[in-house]
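Asks: Compute the structure for the input listed below.
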Amino acid sequence: MGKFWVHLLLSIAAILSYGLVGAPDAAKAQSEPQPAGQTVTITEPNPIVKPTDWAYLSLKLVAAKFNCLSQTSLLPTYFITHDIEITRYKFARALFDCLSELSKIIRTTDQKTQTIKREDLEPLQKLQEEFAAELSVIQSTRSHQPTPTPRRPIQPSDPIYKQLQLAIKEYDCAPETKNSNYDLGNKELKTEEFVAILKGCLQRVNQSMLSDTRKWKLPELEPLVKLESEFYSELYD
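Replies: Modelled structure (predicted):
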């Protein structure tokens, strides 16, 4: 994961030749004297983001336009698409991955066909400022995670192999690729092959939630969430 999130929107703005105003100068604001006799109370932000909150609605609109939540982990997508209260940290995880996906779109799309406009960036800038603390923790955590220990090839008799087979049948998330190397048959799979199939399954389930194709219940997703958790580093780092 690249270290770009702090200046992500400003970088996008530069690519698009826009001149967005950066975040307020926090140090300057703190150095300004307060009126005499006035007590300033600093409170912690609400630990829960509700479906009626501006942040929740903003991220849903961005996700609907750019399909960026299909690339995030399963639980944040579930909470946001089902209009359920979500913790700030889980919400920030979804935002982080959405920003990451938009950054990839910007870097790989020709400027002449670019679809992201200035008005699209403004709510994202506000979200980034609101969740700056959580985004910083997520960036730090992902940047300092040790390299996953290489796994041995996954055999058809392994429990996780059977779990993925059942997941593909249960969630109808078979890989769309025609490459036989990534077909899930009764044969040994390298870790990267297994992860590619799992990632495709997760993305298709996320996409079905985003498009309202199916409203999953949380217990129904638990087997897939467990697989995602076991291979989280390989999937998202």
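Asks: what about this structure, any weak spots by pLDDT?
Replies: By pLDDT under 70, the low-scoring segments of the chain are 1-46, 109-116, 145-148, 175-185, 237.
Asks: Kindly report the domain assignment for it.
Replies: If you go by automatic domain parsing, the domain ranges for the chain are 5-20+46-143, 159-236.
Asks: Looking at those, which is nearest to R151?
Replies: domain 159-236 (4.5 Å; CB to CB). C-beta coordinates here come from the backbone N, C-alpha and C atoms, glycine included.
Asks: Need the domains of the chain in TSV (columns: distance to P153 and mean neighbour count).
Replies: Shown next, in TSV, are these (distance: least, CB to CB, whole Å; neighbours: other CB atoms under 10 Å):
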stretch	distance to P153	mean neighbour count
domain 5-20+46-143	25	17
domain 159-236	5	16
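Asks: For P150, which of these is the nearest?
Replies: Here domain 159-236 is closest among the domains of the chain (CB to CB), at 7.2 Å.
Asks: In which helix or strand does F91 reside?
Replies: helix 88-108 (DSSP states H and E).
Asks: a markdown table for the domains of the chain, including distance to P150?
Replies: Shown next, in a markdown table, are the domains of the chain (distance: least, CB to CB, whole Å):
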| stretch | distance to P150 |
| --- | --- |
| domain 5-20+46-143 | 19 |
| domain 159-236 | 7 |
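Asks: any idea where the helices of this protein begin and end?
Replies: Under the criterion DSSP state H, the chain contains helices at 8-15, 26-31, 54-66, 74-81, 88-108, 118-130, 132-143, 159-171, 191-210, 218-230, 232-236.
Asks: right, and the ones you listed - which one's nearest I48?
Replies: helix 88-108 (7.2 Å).
Asks: Using PDB, write out every CA atom in the closest one.
Replies: The C-alpha trace of helix 88-108 is given here as PDB (Å, rounded to 0.1, in the frame of the first residue of the first chain):
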ATOM      1  CA  ARG A  88     -15.500   5.100  13.100                       C
ATOM      2  CA  TYR A  89     -12.500   2.700  12.600                       C
ATOM      3  CA  LYS A  90     -14.400   0.300  10.300                       C
ATOM      4  CA  PHE A  91     -15.900   3.200   8.400                       C
ATOM      5  CA  ALA A  92     -12.400   4.700   8.000                       C
ATOM      6  CA  ARG A  93     -11.200   1.300   6.600                       C
ATOM      7  CA  ALA A  94     -13.800   1.500   3.900                       C
ATOM      8  CA  LEU A  95     -12.900   5.100   3.200                       C
ATOM      9  CA  PHE A  96      -9.200   4.300   3.100                       C
ATOM     10  CA  ASP A  97      -9.700   1.500   0.500                       C
ATOM     11  CA  CYS A  98     -12.100   3.700  -1.500                       C
ATOM     12  CA  LEU A  99      -9.400   6.500  -1.600                       C
ATOM     13  CA  SER A 100      -6.800   3.900  -2.600                       C
ATOM     14  CA  GLU A 101      -9.000   2.600  -5.400                       C
ATOM     15  CA  LEU A 102      -9.700   6.100  -6.700                       C
ATOM     16  CA  SER A 103      -6.000   6.800  -6.700                       C
ATOM     17  CA  LYS A 104      -5.400   3.800  -8.900                       C
ATOM     18  CA  ILE A 105      -8.100   5.000 -11.300                       C
ATOM     19  CA  ILE A 106      -6.500   8.400 -11.500                       C
ATOM     20  CA  ARG A 107      -3.000   7.000 -12.200                       C
ATOM     21  CA  THR A 108      -4.200   4.500 -14.800                       C
END
